[in-house]
Each structure stands twice: as C-alpha cells, then as structure tokens.
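The following block contains a protein sequence and its predicted model.
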Amino acid sequence: MMYSKITVVAVALNAAGTSAFGPQRGAFSRPLTHLDAEKVGLYYSTSTGNTETVAGYIADASGLRADDISDASDAEILGCDSIIVGAPTWHTDADTERSGTSWDEWLYNQLPNLDLSGKNIAVFGVGDQESYSDYYCDAAGELYDLFEAKGCKMMGFTSIDGYNHQSSKAERDGKFIGLMCDEDNQYDMSEDRAKAWIEQLKGEGFF
C-alpha cells in the first residue's frame with residue numbers, strides 16, 4: 001500500500017448478487033484524511049462485490065484505504081497496530097473456509113505464520129439474512145475465532161437488534177462480534193451502520 005500501513009479486511013457473508021449500489025473494484029485507493037492513525041489496516045475479500053461495497057463505506061467513514069487480502073504482504077500486516085478485516089459467507093454451515101474467497105487460503109496458510117499478538121482487530125461481515133437466516137455472516141465468526149486465537153484484542157462488538165436472522169456463528173454472548181451488513185435486504189442501512197461502527201471503534205481506542 002502506498003499511503004500507509006493500514007489494513008482492513010472485509011468479510012461479506014452470503015452475499016447473493018452484486019448490488020447496484022456497489023462501486024467498482026479498486027475504487028477505494030485513497031489517502032488518509034480523517035484519522036491520525038499511521039498503522040491501521042483495512043482488508044477484505046469478496047465473491048459478488050457486496051463485501052467490497054461495504055469495505056468502501058468503511059473506507060469513506062474512516063479515511064482508510066481498503067485492499068483485498070490477497071494483495072497484502074506479510075510485512076504490511078505485521079506493520080499494523082490495528083486491522084479491520086471482513087469476508088462473505090459462501091460455504092454455509094461449514095466448519096472452516098466459509099467465505100469462498102481468498103480468505104480461505106490466507107487464514108490457514110498465511111495467518112499461522114504471523115505473530116499478531118496484542119494487535120487490535122475489528123471484524124465485519126456481509127450476508128443475506130433472509131435467504132440464509134440460519135447461517136447469517138458465519139464467516140465473520142471464523143475470522144474472529146482465528147484472529148483471537150493468535151492473541152489479538154478483538155474490538156467492535158455490535159447489537160443484534162434490527163436484524164432478521166435465526167442464528168449466526170458471528171454471535172457471542174448475544175452480540176455480533178463486529179459490523180454485520182446485508183446488501184441484499186438492508187442495503188440502505190449499510191452506510192450508516194459503517195459510520196456508526198467507525199465512531200464506536202474510535203471510542204474504544206482502536207485508532
């Protein structure tokens with residue numbers, strides 16, 4: 001990344017179809033403007049473009065640059081103090097490799113080799129809560145579990161209120177483990193949710 005060592009990983013869960021509101025790939029390369037953080041990263045991967053759309057909302061709200069995790073070097077990840085990561089859920093009800101994206105390989109081939117102990121991590125997921133009500137944003141839960149197991153400090157939990165799902169592996173103790181968005185059924189809420197989440201992370205000392 002040219003502008004900073006900032007890593008956000010976007011996880012779009014069960015994204016069924018590219019949203020007409022989604023920007024084109026590569027549209028989120030922009031210099032930092034809103035945050036004083038020098039070592040924050042935003043990384044995502046996408047199947048249909050919905051996760052990329054949400055990563056764009058997060059980038060706009062934070063001033064960060066969003067990149068696909070497949071383009072991230074180990075040095076860039078290690079150079080971050082805080083990392084936002086996101087992925088979609090494609091392989092519903094799977095125990096592992098749930099996103100159907102570059103995350104599936106990265107989480108099990110790259111992450112085990114990295115010492116991320118003590119780094120701040122915030123997770124976001126994208127899914128379809130109507131068509132996949134029993135598996136909503138499950139891949140976000142996989143991201144959470146694997147980064148937590150590396151000794152990271154997990155931040156950015158949000159309320160499950162306002163969603164219409166039956167179950168999710170992205171829930172812990174009655175809350176979502178991060179920002180969950182639905183570009184199929186609640187696309188008009190995603191941008192405001194992203195803005196509110198970034199403000200919450202600022203208050204938690206993430207940046």
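Yep, it's here.

who's the closest residue to residue 143 other than its chain neighbours bridged to?
Once flanking residues are discounted, residue 143 sits nearest to residue 123: 4.9 Å by Cβ to Cβ, 6 or more residues apart in numbering. C-beta here means a position set from N, CA and C on the backbone, and glycine is covered the same way. Beta-bridge pairing of residue 123 under DSSP bridges involves residue 178.

ok, now how distant is residue 123 from residue 188?
Distance, residue 123 to residue 188, using Cβ to Cβ, to the nearest Å: 23 Å.

which of the two has more neighbours?
Comparing residue 123 with residue 188 by other Cβ atoms under 10 Å, the one with more neighbours is residue 123, at 32 against 9.

Make sure residue 72 is actually in contact with residue 43.
Yes - with contacts counted by Cβ atoms under 8 Å, residue 72 reaches residue 43, the gap being 5.6 Å.

Comparing those two, which shows the higher neighbour count?
residue 43 (31 against 20).

so that one, which of the three states?
Secondary structure for residue 43, judged by DSSP: H, G, I helix; E, B strand; the rest coil, is strand.

Strands of the chain, start to end?
7-8, 40-44, 67-68, 82-88, 120-126, 153-155, 158-159, 171-172, 175-176, 178-181 (DSSP state E).

Make a markdown table from the ones you listed and add distance to residue 134 to it.
Putting these into a markdown table (distance: least, Cβ to Cβ, whole Å) gives the following:
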| stretch | distance to residue 134 |
| --- | --- |
| strand 7-8 | 28 |
| strand 40-44 | 24 |
| strand 67-68 | 28 |
| strand 82-88 | 16 |
| strand 120-126 | 15 |
| strand 153-155 | 24 |
| strand 158-159 | 20 |
| strand 171-172 | 12 |
| strand 175-176 | 16 |
| strand 178-181 | 15 |
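
would you list these in JSON lines and tack on mean pLDDT?
Below are those laid out as JSON lines (pLDDT from 0 to 100):
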{"stretch": "strand 7-8", "mean pLDDT": "40"}
{"stretch": "strand 40-44", "mean pLDDT": "97"}
{"stretch": "strand 67-68", "mean pLDDT": "96"}
{"stretch": "strand 82-88", "mean pLDDT": "97"}
{"stretch": "strand 120-126", "mean pLDDT": "98"}
{"stretch": "strand 153-155", "mean pLDDT": "98"}
{"stretch": "strand 158-159", "mean pLDDT": "98"}
{"stretch": "strand 171-172", "mean pLDDT": "94"}
{"stretch": "strand 175-176", "mean pLDDT": "97"}
{"stretch": "strand 178-181", "mean pLDDT": "98"}
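
how about those, which one is nearest residue 108?
Evaluated with Cβ to Cβ, those place strand 82-88 nearest to residue 108, the distance being 13.1 Å.
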